[in-house]
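J.: How does the following fold in three dimensions:
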Amino acid sequence: MPSDSPYELTDRQLCSRIWVRLQPYRRQLFLSIGLLVCAVPFINFHPLVWGFVADHLVAETLTAGSLWMW
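T.: Residues are numbered from 1 along each chain as shown. This is a model prediction of the structure:
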C-alpha cells in the first residue's frame with residue numbers, strides 16, 4: 001500500500017541529510033562534546049576532596065601537609 005507522503009526517508013538517509021546540514025557547526029559540536037566529557041571527572045573531584053577533608057576533620061588528623069597533597 002503506497003503512502004501519500006512525498007517524504008519517505010529511512011533513518012540512515014535522514015541522519016545523512018542532517019549531518020550534511022551540520023557541516024558548518026561540526027567543529028563547535030565536537031568541541032562542546034569534548035568539553036562535556038572532560039568536565040564530568042572535574043565535577044566529581046570536588047566532593048571527593050571535601051569528603052577527605054571532612055573525614056579527617058572528624059577524626060582530628062587533618063594537617064596542613066595533608067591538605068597540600070590535595
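
J.: Which of the helices or strands spans residue 27?
T.: Element membership for residue 27 (DSSP states H and E) is helix 26-58.

J.: For that helix, what does the pLDDT average out to?
T.: Averaged across helix 26-58, the pLDDT comes to 85.

J.: Tell me the gap between it and the middle of its chain.
T.: Relative to its parent chain, helix 26-58 has a centroid offset of 10 Å by Cα atoms, centre = their mean, to the nearest Å.

J.: Ok, stretch 46-59 next?
T.: Centroid separation between stretch 46-59 and its chain, computed with Cα atoms, centre = their mean, is 25 Å.

J.: Just the CA trace of that stretch, in PDB.
T.: This file holds the C-alpha atoms of stretch 46-59, laid out as PDB (Å, rounded to 0.1, in the frame of the first residue of the first chain):
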ATOM      1  CA  HIS A  46      35.400  18.400  44.300                       C
ATOM      2  CA  PRO A  47      33.100  16.200  46.500                       C
ATOM      3  CA  LEU A  48      35.900  13.700  46.900                       C
ATOM      4  CA  VAL A  49      38.300  16.300  48.300                       C
ATOM      5  CA  TRP A  50      35.700  17.700  50.700                       C
ATOM      6  CA  GLY A  51      34.800  14.100  51.800                       C
ATOM      7  CA  PHE A  52      38.500  13.500  52.600                       C
ATOM      8  CA  VAL A  53      38.800  16.800  54.500                       C
ATOM      9  CA  ALA A  54      35.600  16.200  56.400                       C
ATOM     10  CA  ASP A  55      36.700  12.700  57.400                       C
ATOM     11  CA  HIS A  56      40.000  13.900  58.700                       C
ATOM     12  CA  LEU A  57      38.400  16.800  60.500                       C
ATOM     13  CA  VAL A  58      36.100  14.500  62.300                       C
ATOM     14  CA  ALA A  59      39.000  12.200  63.200                       C
END
